[in-house]
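Student: sequence and predicted structure below; questions after.
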Amino acid sequence: MKLTIAHLYPDLLNLYGDRGNLLAIQRRCQWREIDCDILPVSIGDDFQAGSYDIVFIGGGQDHEQNLLHEDLVQKKGDAIREAVADGLIFLCICGGFQMMGQYYETQDGHRVPGIGALDFYTVAKPQRLIGNLVCHSDYLAEHQLDPVLVGFENHSGRTFLGPDVQPLATVTHGCGNNGEDRTEGAIFNHVYCTYAHGSFLPKNPDMTDYLIETALKKRYSVSHNLKKLDNTLEENARKYIVNCK
Amino acid sequence: MKLSLRARLAIAAGRLSSRLLRLIGRSATALPGKLALTIDSSLLNRLVHDRRVFLVTGTNGKTTTVRMLCRIFESHGFSIITNPSGANLDSGLTTKLLEHLPILRAAAASDENNQKTALVFEIDEAFFGKLAERLDPEICIVTNFFRDQLDRFGELQHTRDLIAKGLTESQTKAVLCADDSLCASLGRERSDPTVYFGVATGNLEEPDPDTVIESPFCLFCGTRYMYDALVYGHLGLFHCPKCGFRRPDPDLTFSQISATERLQILAFNMNQETVQAKMTVPGLHNAYNASAALLAAVTAGLPIQSSARALELTEAAFGRMERFSIGSKEICLILVKNPVGLERALDFVHQATDVGAFMTMLNAQDPDGRDVSWIWDVHMEDHLPDGIIGVSGERCADLALRLYYAGKERSDLLIDMDHLRLFDQLIERCPDDHCLYILPNYTAMLSLRADLAKRYQLRDIWR
């Protein structure tokens, strides 16, 4: 068995440790003898949804995010919206999360259009929301998975979800989407968005396994019960965040 | 020094408070200066007025570069005032200057004295924009820009812009790294004198096309840089194919003639003159630091030969590749603060021939940055030492997880938040005549080094 992950703009969106998310998927596949390829998809490259099992997009610095904006929204926008509607799995973190929405309003009131694949918008505020993040996901609980998600957030944008989009989780410590309504992240079809760095997936192994399992199910049309792994180190790192906050 | 009554009052208050604090056994690194500045907010400007001020800023290498520059000045008979790393707000600088008032008075007394007095300060990137103009520097060195503590400094471009502002406002001569596109970009907008240091282009290799380079896009037009060669990180021979911005020709180049884990022989070339230095601070990053210090010294009017000889006398700064012996075994402390620093340190240990044991430490206090995500940005996979790795610091669980996903077996990770207990275990494992390499981040280094200093009576206990 093999999974293919598209890594969007790895040369531009490559900070806050988001690369760890790919490493987590890749390792947890390898430990179960599942091959896992990572394909970089950057400016000028075609977005070929059919070849990917999971699409990952992280955050970047403003300078770099501005450079890729046109390519993402104008050139890849249609293909991404179509893939989202078709149920392709996406993991979108921070800046990558924001770009999937309707628009991003800068501090001087300028509205930068997003891909518009999901019904939410983001407004920038001067005060950054920075710190450890702990939240509870009903979605994961419904799937009989550990509902606690942990990470580190660092964003100036406040994201507000529309009625069609479900939050990924409810904040128990930290700020989440906007510091007001206690929502954190977003889910729509198989698009999973979050503000959590940390890295996110290494510290949330149930979420990682859920993405792998869902991807295998879609690719091979049969259910796979993933081999259980020893999560002692993952649990220790989680415990630190949950306990100290 | 001609000073107003207010300034003299401020000085008196600062010095008195400094004595009182010492008397009751408290450290006096910032408070006296703060008090003095409350009485006379322009005191710092007055104290440095007409003095020869040298500033060092940038992401990595500030402390070592300051140390090298001080050593060069000292060897030429200069009186020096410098600040310990960390005390680089206006209050810390003022405190330091008040402590050394006799040096300032002597400098003010005659032009000859003044020419032979150097104030060499390390300035945090975040404060440089605010402080540079007030300090009226003769020369500023900008070492490099790497990603560092994004939760504290914000984005790299922002840090770069703050430093650009400080350089412009202070009308200083600038010593810049030619190989760092962000650092070199500072020179393009300047009207004041600018000199560059960089690697000699002789034996460089072309970059592997798969290498991910930080800051790969031209600051001026957004086009992807082309690299003819890469040294490490994003340092290399870059040029923008669209707008023509390119690595400036360095005024001083260096090449590494030989290198081990203990020393390196460097050849510096400037104005067709080549000088060599046998340095006890190893590592390519220290070759850059030495080049920066040497170029600043020559720009300040010192001869290159004697300055290069002084570089040979520079020892590693506190916790920066600092070595000390414990019986028949050695300890090497390598401070790592950010992704490129950790990558360099891992590469250094990877090439060392005396590795007997290995330990890493991660804290997340304010000076470290609260976010530990950056350890996932480090390409550790190819550089990890074989066998056991000791993991400590308050965020040892995060670091252990990172090492596990980098391919270490769980059984190869010795995890203990108690750093001395772990240290004892590792020194026990380290064979005689070998070295225990320890890679901590900032506050982890401070606390481990303080404990080791107490136990082994290390000198230079507080920097």
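Tutor: Perfect, thanks for sending it.

Student: now for chain A, the helix or strand with the poorest mean pLDDT.
Tutor: Counting by mean pLDDT, DSSP states H and E, chain A has its least confident helix or strand at helix A:62-70, which shows a mean of 87.

Student: buried ones in that one?
Tutor: A:63, A:64, A:65, A:67, A:68 (16 or more other C-beta atoms under 10 Å in any protein chain shown). In this view, the C-beta of every residue, glycine as well, is placed from N, C-alpha and C.

Student: any chance you could list what contacts it?
Tutor: The contact list for helix A:62-70 (C-beta atoms under 8 Å, 6 or more residues apart in numbering or on different chains) reads A:9, A:12-13, A:42-43, A:59-60, A:95, A:99, A:112, B:155, B:157, B:217, B:219, B:222.

Student: now, those that are in helices?
Tutor: Within the contacts of helix A:62-70, residues falling in helices by DSSP state H are A:95, A:99, B:157.

Student: could you dump these into CSV with pLDDT, neighbour count and distance to residue A:84 added?
Tutor: Converted to CSV, the ones in helices among the contacts of helix A:62-70 look like this (pLDDT from 0 to 100; neighbours: other C-beta atoms under 10 Å in any protein chain shown; distance: C-beta to C-beta, whole Å):
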residue, pLDDT, neighbour count, distance to residue A:84
A:95, 95, 26, 18
A:99, 97, 30, 13
B:157, 84, 16, 31
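
Student: quick one: those as JSON lines, columns for distance to residue B:114 too.
Tutor: What follows is these, written out as JSON lines (distance: C-beta to C-beta, whole Å):
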{"residue": "A:95", "distance to residue B:114": "52"}
{"residue": "A:99", "distance to residue B:114": "57"}
{"residue": "B:157", "distance to residue B:114": "38"}
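
Student: chain A contacts on chain B?
Tutor: Within chain B, the positions near chain A by C-beta under 8 Å from any C-beta of the partner chain are B:147, B:150-151, B:155-157, B:212-214, B:216-217, B:219, B:222, B:370-377, B:395, B:397-398, B:400-402, B:404-406, B:410, B:413, B:415.

Student: what about the residues you listed, which are in strands?
Tutor: Using DSSP state E, the subset of the residues of chain B next to chain A located in strands is B:413, B:415.

Student: of the residues of chain B next to chain A, buried ones?
Tutor: B:147, B:150-151, B:155-157, B:213-214, B:216-217, B:219, B:371-377, B:395, B:397-398, B:400-402, B:404-406, B:413, B:415.

Student: and those residues, which of them are in helices?
Tutor: Mapping these onto helices (DSSP H) picks out B:150, B:151, B:156, B:157, B:397, B:398, B:400, B:401, B:402, B:404, B:405.

Student: surely residue B:439 touches residue B:334?
Tutor: Yes - in this structure, residue B:439 is within contact of residue B:334 by C-beta atoms under 8 Å, at 5.1 Å.

Student: overlap in contacts, those two.
Tutor: B:345, B:349.

Student: so what touches the longest helix anywhere in chain B?
Tutor: Longest helix in chain B, counting residues (DSSP H): helix B:5-23. Outside of helix B:5-23, the residues within contact range by C-beta under 8 Å, 6+ apart are B:3, B:27-28, B:31-33, B:35-40, B:42-43, B:46, B:94-95, B:98-99, B:101.

Student: please compute how far that helix lies from its chain's middle.
Tutor: Put simply, helix B:5-23 sits 31 Å off its chain's centre (C-alpha atoms, centre = their mean, to the nearest Å).

Student: over to stretch A:118-135?
Tutor: Relative to its chain's centre, stretch A:118-135 lies at 14 Å (C-alpha atoms, centre = their mean).

Student: alpha carbons of stretch B:126-133, as PDB, please.
Tutor: What follows is stretch B:126-133, C-alpha atoms only, in PDB (Å, rounded to 0.1, in the frame of the first residue of the first chain):
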ATOM      1  CA  ALA B 126      14.900  43.700  18.500                       C
ATOM      2  CA  PHE B 127      16.500  46.800  20.100                       C
ATOM      3  CA  PHE B 128      19.000  47.800  17.500                       C
ATOM      4  CA  GLY B 129      16.500  50.100  15.700                       C
ATOM      5  CA  LYS B 130      15.800  52.000  18.900                       C
ATOM      6  CA  LEU B 131      19.400  52.200  20.200                       C
ATOM      7  CA  ALA B 132      21.700  52.600  17.200                       C
ATOM      8  CA  GLU B 133      21.100  56.300  16.700                       C
END
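
Student: okay, now the domains of chain B?
Tutor: Following automatic domain parsing, one gets these domains for chain B: B:51-95+B:113-312, B:320-456.
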